[in-house]
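1. this one's sequence-less:
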């Protein structure tokens, strides 16, 4: 998908991350937010429908995307979830043949700002 800017070489990033309300976030949490923005723009594009404007990643995949260890990712994600920048929820994959939910859960993400 083409990113929100309409240009595959740039991404949008809220400057709010660099303002006083978020000054207490660690560098890891800030980098994770940047990574989540990139993933959101890659996988969601300019879809503004709240029902479909989210993407999902396992913690292992997200740690790899952000270049972080799993413990660092979990700490950074915990910090971000205490802000109003991000919304997450757990989802299961549904097997199209059996209609059963997978046992493994992944996290759905929506960047809010």
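-> Looks like it came in fine. From a predicted model like this one, the values you see are computed outputs, not experimental measurements. Residues are numbered from 1 along each chain as shown.

2. any idea which element the residue nearest the centre of the chain lies in?
-> Note on the chain: the residue nearest the mean C-alpha position is residue 36, at 3.6 Å, using Cα atoms, centre = their mean. Taking DSSP states H and E as the criterion, residue 36 maps to helix 27-43.

3. which of the residues in that helix are buried?
-> Residues of helix 27-43 classed as buried: 28-33, 35-41 (neighbour count, 16 or more other Cβ atoms under 10 Å). C-betas here are computed from N, CA, C, even on glycine.

4. any idea of the angle the helix or strand of the chain with the lowest mean pLDDT forms with helix 27-43?
-> Lowest by mean pLDDT, DSSP states H and E among the helices and strands of the chain is strand 101-111, with a mean of 84. Relative orientation of strand 101-111 versus helix 27-43 (axes from the mean of the first three to the mean of the last three Cα atoms, to 10 degrees): 100 degrees.

5. Please, which helix or strand holds residue 56?
-> Per DSSP H and E: strand 55-57 holds residue 56.

6. what helices or strands is the helix or strand that that strand is followed by leaning on?
-> Counting by DSSP H and E, the next helix or strand C-terminal to strand 55-57 is helix 59-66. Other helices and strands packing on helix 59-66, by 3 or more Cβ pairs under 8 Å, 6 or more residues apart in numbering; DSSP states H and E, are helix 27-43, helix 70-81.

7. mean pLDDT lowest for which of the ones you listed?
-> Lowest mean pLDDT of the helices and strands packed on helix 59-66: helix 27-43, a mean of 92.

8. mind checking how far that helix is from the chain centre?
-> Mean C-alpha position of helix 27-43 versus that of the full chain (Cα atoms, centre = their mean, to the nearest Å) differs by 6 Å.

9. Identify the residues contacting that helix?
-> Identification of contacts with helix 27-43 by Cβ atoms under 8 Å, 6 or more residues apart in numbering yields 1, 3-4, 11-14, 17, 22, 25, 55, 57, 62, 65-66, 68, 72-73, 75-77, 79-80, 85-86, 109-111.

10. give me that answer again for 6 Å
-> Residues from elsewhere that reach helix 27-43, judged by Cβ atoms under 6 Å, 6 or more residues apart in numbering: 3-4, 11, 13, 17, 55, 65-66, 72, 76, 79-80, 109, 111.
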